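Colleague: Sharing a model prediction with you, sequence too.
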Amino acid sequence: MNSKITVLLAALILFAIIPTVVQAVAPAEQWNKTFGGTSDDVVKSVQNTSDGGYILSGTTSSYGAGGSDAWLIKVDSSGNQTWYKTFGGTLDDGANSVQQISDGGYILAGATASYGAGGTDEYGRAYSDVWLIKVDSSGNQTWNKTYGGSNYDHAFSVQQTSDGGYIIAADTNSSSPDSSYSPGWLIKVDSDGNQQWNTTFAKTDDGFDYHASSVDQTSDGGYIIAGWVERPTSVLDFWLSKVDSEGNQIWSTGFSGGAGYDFANSVQQTSDGGYILAGEAGGDLGDPGAAWLFKTDSNGNMTWDKRFGGGYETDVAGCAYSVYQTSDGGYILAGTVRSYGVPDTDVWLIKVDSNGNQQWTTKFGGTEGDSVYSVQQASDGGYIVAGETMSYGAGSADAWLIKVAPETPSVSMTLTPTYDNNLRESSACSVLSTATYLDVGKSKSRARDVMLFDLSMYDKDDTISQATLSLYWYYPAGKTRTSDTVVEVYRPGAWNPKYVTWYYYDYRKAWTPVGGAWFDVNGVAQGSAPYASVTFPAGTVPDNQYHEFDVTQLVQEYVSGTTNTGFFLKARTEGDNYIAFYSSDWSNADQRPKLTVTKA
């Protein structure tokens with residue numbers, strides 16, 4: 001309890017300050033760039049390039065040959081445009097996906113109404129064909145290919161395959177017998193764009209529409225495809241399908257987020273052989289939708305899922321368009337967010353750990369609608385995000401590229417108490433500084449405690465993102481109790497560890513009132529709003545474990561300049577609810593009190 005200022009104790013204290021690395025604070029924006037003219041322009045895909053810059057693909061109505069054109073933009077590591085190219089004719093054309101390929105050039109996929117076999121609808125509007133364009137490292141076209149029939153066909157995702165060819169995920173109405181539904185379409189081509197095989201997923205008699213929005217080649221040489229399936233009842237569900245290297249289906253599964261519309265927009269095979277999906281869960285009975293992150297094993301069985309926003313209780317509607325596994329094994333999720341009832345969206349970036357637990361979230365945007373469709377971890381460990389903005393730029397909607405800084409790891413330190421003393425009503429004038437336990441509540445008389453941790457290593461301007469006081473259960477062991485005990489943490493008045501007792505806080509200086517003076521979270525003397533509390537129900541056996549108190553606010557106050565007087569522990573009510581924890585004088589160091597402080 002009382003610190004003994006010896007070399008041995010100093011060494012033990014230094015050993016007990018254990019720094020670890022955590023990530024909890026959203027990193028800052030490094031820069032953002034807009035691209036476009038006076039009309040509508042959007043970027044749907046961004047990728048890192050081998051020179052440290054980025055390649056963007058999308059659709060522009062400001063530049064090109066007419067209507068809308070496919071758009072390819074190369075920028076350096078600071079987002080400065082190196083060059084741009086447009087591709088298209090007099091009708092509407094666009095690109096949804098781009099990737100740098102092994103020869104240093106780029107492959108982009110989308111749709112064209114200017115070229116190909118697409119016909120016109122009953123109003124004379126042109127249908128589109130799937131469009132694949134190969135360019136060199138300077139953006140000069142090497143070749144382009146169209147795939148499709150006389151109805152609507154559209155590519156959403158392309159990836160270079162291990163054999164040097166390409167795999168394309170698309171929608172097609174041309175492949176259905178009567179063009180009345182979309183069976184989902186996967187197209188495999190060689191390195192020159194010549195089709196090798198294609199496959200669809202819908203059955204002709206089930207009345208379901210399949211929409212393939214994302215594809216990734218898997219470690220076994222096959223492919224994973226994600227999108228959504230529309231049932232005859234107009235309910236949309238996540239859809240995930242695995243095929244082999246020849247396009248033969250191995251398995252297919254769906255996931256429902258409720259009674260609303262559910263869309264899967266992005267899929268990636270993960271390092272454990274499973275899959276991560278991102279999209280939107282449409283909610284039930286008209287509730288706002290949620291950004292939905294979904295993890296499966298290698299056979300498509302759900303491992304876990306997480307929702308962000310959604311439901312009237314959150315007052316937030318969200319949608320995820322892109323997910324990427326990060327170098328730490330977690331995931332970065334990009335999408336849009338808006339307050340319920342407000343039409344304009346902001347860009348939303350969410351970082352989670354490998355189990356989907358949120359680590360941080362941040363938003364970008366202005367007063368108008370802003371959206372994001374693609375995210376990657378950048379080569380420096382930060383993030384690159386691409387989409388469109390109506391808040392900034394030259395036109396009604398401009399392409400938007402945002403670079404987010406690498407996360408600055410927060411340092412987490414685990415501290416042991418400098419002092420911890422018992423205050424016992426039954427020994428009102430006795431200094432109790434060497435007991436092996438801290439006790440609270442009441443058996444025959446009341447018990448309280450004061451503790452102090454050294455926080456002098458922190459600067460006044462430091463931000464504490466988390467502070468956790470951990471106490472290890474001591475008594476009663478292996479049995480239930482007759483009453484609940486709510487243990488509370490307050491800020492004590494000044495006290496001297498050499499003299500503090502139930503009656504005194506210093507030498508011949510009495511507490512007012514006796515039993516200890518404290519301040520609650522609102523600064524009220526002897527107040528009843530604790531900084532932290534934990535309830536121990538009478539019917540539980542909380543043995544053999546630490547119990548954690550979130551004391552972040554109080555530690556931040558101390559770091560910011562409030563005199564550090566430590567922690568005051570007491571039970572909310574004191575009657576037949578006596579319990580105890582191990583103190584800093586307990587022989588087992590693994591069961592002593594500890595304070596874990598994380599600095600942002």
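Modeller: On my side now, so go ahead.

Colleague: Could you point out which residue ranges in this protein have low pLDDT?
Modeller: 1-24, 119-125, 175-181, 203-207, 232-235, 258-259, 283-288, 311-316, 340-342 (pLDDT under 70).

Colleague: at 50 instead, please
Modeller: Residue ranges of the chain with pLDDT under 50: 1-23, 285, 312-313.

Colleague: the strands in the stretch 451-600 of the chain, which residues?
Modeller: Ranges of strands within the stretch 451-600 of the chain are 464-475, 485-492, 504-506, 509-510, 518-519, 532-536, 546-550, 567-571, 579-582, 594-599, based on DSSP state E, counting those that start in this stretch.

Colleague: now the stretch 151-300 of the chain
Modeller: If DSSP E, counting those that start in this stretch is used as the criterion, the strands of the stretch 151-300 of the chain fall at 153-160, 166-172, 185-189, 195-200, 209-217, 223-230, 236-243, 249-255, 262-269, 275-281, 290-296.

Colleague: Any idea which of these gets closest to Ser374?
Modeller: Among the strands of the stretch 151-300 of the chain, the nearest to Ser374 by CB to CB is strand 262-269 (8.6 Å). Yep, even glycine has a C-beta here, placed from its N, CA and C like the rest.

Colleague: what angle do the closest one and strand 236-243 make?
Modeller: With axes from the mean of the first three to the mean of the last three CA atoms, to 10 degrees applied, the angle from strand 262-269 to strand 236-243 works out at 30 degrees.

Colleague: what residues does strand 262-269 touch?
Modeller: 213-216, 218-219, 224-228, 236-240, 255-256, 275-282, 292, 294, 319-325 (CB atoms under 8 Å, 6 or more residues apart in numbering).

Colleague: Asp576 and Ser483 touch, don't they?
Modeller: Yes: with contact defined as CB atoms under 8 Å, Asp576 counts as touching Ser483 (5.0 Å).

Colleague: tell me the contacts of Gly575?
Modeller: Gly441, Lys442, Ser483.

Colleague: what do you get for Ser587?
Modeller: Thr436.

Colleague: which phi and psi does it have?
Modeller: phi -70, psi -30 (degrees, to the nearest 10).

Colleague: any idea how far it lies from Ser182?
Modeller: Noted for Ser587: a distance of 70 Å to Ser182, by CB to CB, to the nearest Å.

Colleague: follow-up on the earlier one: among the contacts of Gly575, who's most crowded?
Modeller: Gly441 (24 neighbours; other CB atoms under 10 Å).

Colleague: which residues does that one form a beta bridge with?
Modeller: Ala447 (DSSP bridges).

Colleague: ok, it touching Val486?
Modeller: No: here Gly441 does not reach Val486: they are 9.3 Å apart, not a contact under CB under 8 Å.

Colleague: got any residues that touch both of those two?
Modeller: Ala571.

Colleague: Start and end of stretch 424-443, how far apart?
Modeller: Using CA to CA, to the nearest Å, one end of stretch 424-443 lies 11 Å from the other.

Colleague: before we move on, back to that, out of the contacts of Gly575, which is nearest to Asp520?
Modeller: Of these, the one sitting nearest to Asp520 (CB to CB) turns out to be Gly441, at 18.9 Å.

Colleague: got a list of what that closest one touches?
Modeller: By CB under 8 Å, 6+ apart, the neighbours of Gly441 are Ala447, Thr485, Ala571, Glu574, Gly575, Asn577, Tyr578, Ile579.

Colleague: how about a cut-off of 6 Å?
Modeller: Thr485, Ala571, Glu574, Asn577, Tyr578, Ile579 (CB atoms under 6 Å, 6 or more residues apart in numbering).

Colleague: Could you say which helix or strand holds the most centrally placed residue in the chain?
Modeller: Nearest residue to the geometric centre of the chain (CA atoms, centre = their mean): Lys351, 2.7 Å. If you go by DSSP states H and E, Lys351 is part of strand 346-352.

Colleague: Identify each buried residue in that strand, please.
Modeller: Asp346, Val347, Trp348, Leu349, Ile350, Lys351, Val352 (16 or more other CB atoms under 10 Å).

Colleague: Tell me how many other residues crowd Phe308.
Modeller: Phe308: 23 neighbours (other CB under 10 Å).

Colleague: residues touching it, list them.
Modeller: Ala291, Gly318, Ile350.

Colleague: Does the second one touch Val337 like I think?
Modeller: Spelled out, it's Gly318. Yes: look at Gly318 against Val337 with CB atoms under 6 Å: they come within range, at 4.7 Å.

Colleague: ok so, going back, dump the buried residues of strand 346-352 into CSV; add distance to Asp41 as well.
Modeller: CSV is the format used below for those (distance: CB to CB, whole Å):
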residue, distance to Asp41
Asp346, 19
Val347, 16
Trp348, 21
Leu349, 22
Ile350, 26
Lys351, 28
Val352, 31
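
Colleague: ok, of those, which one's closest to Lys403?
Modeller: Using CB to CB, the buried residues of strand 346-352 come closest to Lys403 at Leu349, 11.6 Å.

Colleague: Asp216 versus the closest one, what's the distance?
Modeller: When distance is defined by CB to CB, Leu349 is 21 Å away from Asp216.

Colleague: and what of Val431?
Modeller: 67 Å.

Colleague: now Gln591
Modeller: Using CB to CB, we find Gln591 at a distance of 47 Å from Asp216.

Colleague: same deal with Ser533?
Modeller: Distance of Ser533 to Asp216, given as CB to CB: 47 Å.

Colleague: ok, back up a step: for the buried residues of strand 346-352, work out which two are farthest apart.
Modeller: Farthest pair in those, by CB to CB: Asp346 and Val352, 18.8 Å.

Colleague: Which among the contacts of strand 262-269 count as buried?
Modeller: For those, buried by 16+ other CB under 10 Å: 213-216, 218, 224-228, 236-240, 255, 275-282, 292, 294, 319-325.

Colleague: Who are the contact partners of the closest residue to Trp31 other than its chain neighbours?
Modeller: Spatial nearest neighbour of Trp31, excluding adjacent residues (CB to CB, 6 or more residues apart in numbering): Lys403 at 5.1 Å. For Lys403, the contact set (CB under 6 Å, 6+ apart) comprises Gln30, Trp31, Ile384.

Colleague: Secondary structure element for the first one, which one?
Modeller: According to DSSP H and E, Gln30 maps onto strand 29-35.

Colleague: neighbouring strands for that strand, and are they parallel or not?
Modeller: With DSSP bridges as the test, strand 29-35 is paired with strand 398-404 (antiparallel).

Colleague: what about Val25, neighbour count?
Modeller: 18.

Colleague: who touches the closest residue to it other than its chain neighbours in this structure?
Modeller: Nearest in space to Val25, with sequence neighbours left out and distances taken as CB to CB, 6+ apart, is Ala600 at 4.3 Å. For Ala600, the contacting residues are Val25, Ser410, Thr463, Ser465, by CB under 6 Å, 6+ apart.
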